[in-house]
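J.: sequence and predicted structure, then a few things I'm wondering about:
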Amino acid sequence: MVAPEHVLSELADLWVSLGKQGQAEGGAGVLRACTLTLVVLAEASDDAAALGETMAALMPEHPARTIVVRLSGAGEPALSERVYAQCWMPFGQRRQICCEQIEITASDAALADLPSVVLPLAASDLPVIVWSRSARMFDLPPFGAIARMAGKVVVDSAAFADPKQALRRLAEMARSGISLGDLAWTRLTRWREMLARLFENRDYLAKLARISSVRVAHDGASATSAWYMGAWTVDALRDVGVGAQVVVEAGSGPAALSVELAGGGFRVALERREDRLVITVDDARNCTNLPQPGDYLLMREELGVVRRDGVFERALASAARLAYATD
Amino acid sequence: MGIENPFQDPLRFERQAPECAIVIFGANGDLTRRKLMPALYRLAYDRRLSAGFAAIGISRTPLSDDQFRDKMLESITQFSEGTAVDADVWAAFARGLYYVAGDIGDAGLYQRLGEKLAAVEGERHTGGNALFYLSTQPSQYAQAALGLGSAGLGKGGGWRRLVVEKPFGHDLASARELSGQLHEVFSESDVYRIDHYLGKETVQNILAFRFGNGIFEPLWNRRYVNHVQITAAESIGVEGRGAYYQEAGALSDMIQNHLLQVMATIAMEPVASFRAMSVRDEKSKLLRSMRGMTPEQVLRNSVAGQYGPARVGGQEIAGFRQEAGVDAQSPTDTYAAATFFVENWRWAGVPFYVRTGKRMPKRVTEIAVQFNPAPLHIFEGDGGESAPNLLIVRIQPEEGISLKFLSKRPGAGMTLRPVSMDFNYGSSFGERLPSAYETLLLDAIVGDATLYTRQDMVEASWSVVEPIQNVWRETKFDFPNYAAGTWGPAAADEMLARRGHAWRKP
């Protein structure tokens, strides 16, 4: 069993011990930093070292009380915990900065108890963000209770077995008032930024009204990103009175994802080729660095968006409709 | 009216610079090498610059575009702190660098610049937008602006803006004259007077701190604030700038611009919106509310100082008059302190102590707001008066905010001791802080003048400083009056002691 009071008392002891240790070593003690509570739901099979590295990278920018819930799967009802600190010494300074981490292991049979354990462990008066790395968790009953206590829930629809169904579920959750983030959408930020930047050019902007078709191709693994991209592009065009047909399809070329806006003799295309984004405007071609963003970069962006993201919510609703319309 | 770009998403996208050409006068100078180019490169590295970005360097030394690129690569390699030179990013950035050789006083230079701008516009699609950056001797500002005007470069297919470095004149009359000359070519809204202090994250954070939180503003007035101290101390001397410095002095070099701007930020009234005009209107109003001193008040409320030789940390430090390029009898102030008062309902009677100096014990810039003590001291020996509540905004070197208050010491008895609650900008947010020049250059390209100084602000600060300047010019000071490595002349301590206050030792 895990008693939240006991965990909180362990955390208090941890700070006393860190403080003494910091002073004994001739340093200036430790500074506790916390701007949010981050609840990470991960399968026991999820690479612990990689997850640990991601958390360590996120902490300097988004210091948080982190609660990592490890889902141990079938078996007897079991919940266990341990607390520790993630510390770092900012360059050129004498004082360590530390964040609290709590790790809870829960079997499937004990998941029903999870919300009642997590809720009291959240840091007071600060946002709670849930990052569900487990696609399976999304379908388990306690997920709803955990999502409701969070200010924001981040998932990765690309990891779901049925992406179309995932989009529909996410759209329903958004409609019910839960603030969401989807890493399949976050992966598009650089693409969207590039497209936006292209149309900062007045000549291209003047040709925007000619666009009549939007075609998005994907490799299957990026299906949800493709629906998002198609939906967002068409919605944005509609905002300025440009009606365009959208087609989202599984492609056969080397690009994992590509998007083309065309019409009236004007063509803009963006496609990924390995770690490069190739941007084509009519006959002119430009190439920019676009490494696949890892979990750290994606979560870094999502943790930076703590208020409701109207652009995403609208794209999510449209993408869910689009996914079913393309059957 | 044309349509707007529908693809922008300000919540997620970084602020981007639109296509433009930056023309840097003084491209071989120290500022360009140490600050401007590293800042521009970093903006390119962070993908903040558009594909249609170009920089044209102007200086007297004959150089080809490629030679200029090589020199700039050296500068970026040497002076880009925390940014490695990435071969791909540099290659793309370097393609947008150009050079035009010429003398600022030569009309032919502007002819050639016009041709270069046209060629660059065709090549890089800069949209006719141009930002002229005067990184030259102040005496050349007007000449450069008028030269641009005569060649018709003050106007073009896109926007045209002018960035001017301080000093903006050497007194009120010369500041007005300079503005008048700049306005012959550029309207005031297109003149960006840069004060790099205002680009520092913590100075911007003062606005967030004051107007983004509800708990501080009710205390931000004469009822709760006892006094304010603003310190900008440098541990170094004039570092080879002796000849320039002895013409300027600490009062003109620091207080007239940086420190009065910082003071305006800390003391201004709340703004109705975070728009350039609103913010600058309030700062300007504050500066105009500052009481001008009579000659008698100048003698009581200001202190000039100059450092003398000393042995610091086992090293012999030369006095100012012994520095290279400095007159052996120089009357220049390397230290200046003043007590200012703001004549408005919020601040009437609250002293603002401002000091700056060279060769002080350490490099530190900070603002300390000292609050009134608790009205009743119920704890015996609580040290309430000797350990007042202080809010300290550290601008450099470690940007952050600290609140000092009294707390009970653990154990039996009621013994109080001061404790500090610290917010450290660099460690609470692990993100790399952009340099002041990155922030300000991007602002100028985007057309956001919030952090730039407007003409009326410059004139208001000169109106405050000029009476002090006038008295000091007529006074024969017994210089040097403080030893290198100390916190300034004794007279500065006496100035505060007269009001029952003492300088903090930051």
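T.: That came through, no problem.

J.: going forward, measure contacts between C-alpha atoms and count neighbours the same way
T.: Noted.

J.: tell me which residue of the stretch 201-327 of chain A lies closest to chain B.
T.: Closest residue of the stretch 201-327 of chain A to chain B, C-alpha to the nearest C-alpha: A:Ala236 (5.3 Å).

J.: checking my notes, that residue in a helix, right?
T.: Yes - A:Ala236 sits within a helix when classified using DSSP: H, G, I helix; E, B strand; the rest coil.

J.: and it, what's its pLDDT?
T.: In this model, A:Ala236 is scored at 96, pLDDT.

J.: next SSE after the host helix or strand of A:Gln21?
T.: Per DSSP states H and E: A:Gln21 is located in helix A:4-24. Counting by DSSP H and E, the element after helix A:4-24 in chain order, helix or strand, is strand A:30-32.

J.: sheet-wise, list the partners of that next one with their directions.
T.: Partners of strand A:30-32 in the sheet, by DSSP bridges, are strand A:96-107 (parallel).

J.: ok, B:Pro295 - how many residues close by?
T.: Number of residues near B:Pro295 (other C-alpha atoms under 10 Å in any protein chain shown) recorded here: 14.

J.: so what's it closest to, chain neighbours aside?
T.: Excluding the flanking residues, the one nearest B:Pro295 by C-alpha to C-alpha, 6 or more residues apart in numbering or on different chains is B:Val471, at 6.2 Å.

J.: which helices and strands does the helix or strand hosting the one you found pack with?
T.: Using DSSP H and E, B:Val471 maps to helix B:455-474. Applying 3 or more C-alpha pairs under 8 Å, 6 or more residues apart in numbering or on different chains; DSSP states H and E, we find helix B:455-474 packed against helix B:172-183, helix B:276-288, helix B:295-301.

J.: mean pLDDT for these - can I get that in TSV?
T.: Formatted as TSV, these follow (pLDDT from 0 to 100):
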stretch	mean pLDDT
helix B:172-183	96
helix B:276-288	94
helix B:295-301	96
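
J.: let me know which of those helices is tucked in deepest.
T.: helix B:276-288 (a mean of 21; mean count of other C-alpha atoms under 10 Å in any protein chain shown).

J.: now the residue most central in space within chain B. Nearest residue, chain neighbours left out?
T.: Centroid-nearest residue in chain B: B:Tyr197, 2.4 Å away (criterion: C-alpha atoms, centre = their mean). Distances taken as C-alpha to C-alpha, 6+ apart place B:His258 nearest to B:Tyr197, at 6.0 Å, with adjacent residues excluded.

J.: would you agree that neighbour is in contact with B:Gly199?
T.: No - taking contacts as C-alpha atoms under 8 Å, B:His258 lies outside contact range of B:Gly199: 10.8 Å.

J.: where along chain A do the strands fall?
T.: Using DSSP state E, the strands of chain A run over A:30-32, A:36-43, A:64-73, A:79-88, A:96-107, A:128-132, A:152-155, A:180-182, A:213-218, A:245-250, A:257-263, A:266-273, A:276-281, A:284-289.

J.: just the stretch 251-400 of chain B next, same as before
T.: Along the stretch 251-400 of chain B, the segments classed as strands by DSSP state E, counting those that start in this stretch run B:302-305, B:307-308, B:310-312, B:315-317, B:335-340, B:352-357, B:364-371, B:390-396, B:400-408.

J.: repeat for the stretch 401-506 of chain B
T.: Counting by DSSP E, counting those that start in this stretch, the segments of the stretch 401-506 of chain B that form strands are B:416-424, B:482-483.
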